[in-house]
Each structure stands twice: as C-alpha cells, then as structure tokens.
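In: got a sequence here, can you build the structure:
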Amino acid sequence: MVSTIALAAPEQQAAAFMDIYSSHCLKYLHDFDGLRKQLAPLPQLPAEAAAMFLQGAKGGAWSVPSKHGQFVLVVHSDKNLCALYAKTVPAATAQAMFEKVVGKAPEPFRAERKRNTSDKGPDGVKSTVAYEWSTDKSERKPLFALTTTTSKSSVAQGVATAAIGH
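Out: Predicted coordinates for the structure are as follows:
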C-alpha cells in the first residue's frame, strides 16, 4: 500500500498560488497578448474592483477559482506585466516555492537575485524577493518578484509579478 502525505492547508494555498502564477504569468511571459486572448472570454472583475489591483495602470483583473484560496490575476494592457494576488498565503512557504521556480533560470539565461528585503511593521512582516534573468546578448530581461506579508488586514498576503524589462 502506497501512503500519500496530504499537504496542509497553508501548503496547498502556496502550491495553488504558484501553480496559477506558473500557468499564466510564466507560461505567457513572452506572449502577453496570447494570455490576454486566453482570458478574454472569462468574466473580468468590475472596473472599481479591478482598479484596486491595477493601481492606476490600464488592464484587466480576473478572479481565479480555486478551492485553496482567493486569487486575482491582473494583466496590464499598456506594458508586459502579469501579477497574481493571493488573499491569504503562507509567506515562508510561498517564498520557498517562488525561489525554486525562478531562482534558477533555464539555458541560456542566468538568474540573479536583485532584491531580498524584509521589513517588520506594526501589523506584520513584509518581504520582497526579486530575480532577473539575463543573457549577454538580450536587452529584454524577464523580472520576477514576490512580495508577501504576514499582516492579517492586508488586501493580499502575496503578490507575484512577471514582467519583461529593458
């Protein structure tokens, strides 16, 4: 008999968060138009709700159904940026999974950690880790970032972004 170890709820939240991030933001990193087309038939959040996630940028926001948490996917229309917000996600587990996914770049890229900060505030710890993938010849560099907070009052405890920078 093969025994399986069930993931605890926080680990399932982090795994679902990274699965959605990987299957949308990472998969379509070089084809944001393709991602927008894939999402087009799905209902978007109303403009007033999307505005909170877009923070002044143009684009759309979609609620992503999951039994492991509440997630909102945001795709900007005026720049190549995809973001995934998680209402709740365990910070340390999400960061470990994120670093496993983007901390080692596929050939011919090399990964470089650009940021690793942690600030303690009155209602929790906010941490950000960011990686850039580059080659000697590429001007366009993929940039990946994850910000987490342990604050229970935050709109989102996790935000992962993927963008193409110069």
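In: show me where this protein has its strands.
Out: Using DSSP state E, the strands assigned to the chain run over residues 59-64, 71-76, 81-86, 110-121, 124-134, 141-149, 158-165.
In: return the set of buried residues in the longest one.
Out: Of the residues in strand 110-121, those buried by neighbour count under the rule 16 or more other Cβ atoms under 10 Å are residue 111. Where you see a C-beta, it was placed from the backbone N, CA and C, and this is true even at glycine.
In: buried deepest among the strands of the chain, which one?
Out: strand 81-86 (a mean of 24; mean count of other Cβ atoms under 10 Å).
In: pLDDT (mean, whole number) over it?
Out: Mean pLDDT, strand 81-86: 96.
In: low-confidence ranges in this protein?
Out: Counting by pLDDT under 70, the chain shows low-confidence ranges at 1-8, 166.
In: surely residue 108 touches residue 135?
Out: Yes - when contacts are counted by Cβ atoms under 8 Å, residue 108 is listed as touching residue 135 (5.2 Å).
In: can you add distance to residue 97 and give the strands of the chain back as a markdown table?
Out: What follows is those, written out as a markdown table (distance: least, Cβ to Cβ, whole Å):
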| stretch | distance to residue 97 |
| --- | --- |
| strand 59-64 | 17 |
| strand 71-76 | 14 |
| strand 81-86 | 12 |
| strand 110-121 | 15 |
| strand 124-134 | 11 |
| strand 141-149 | 9 |
| strand 158-165 | 10 |
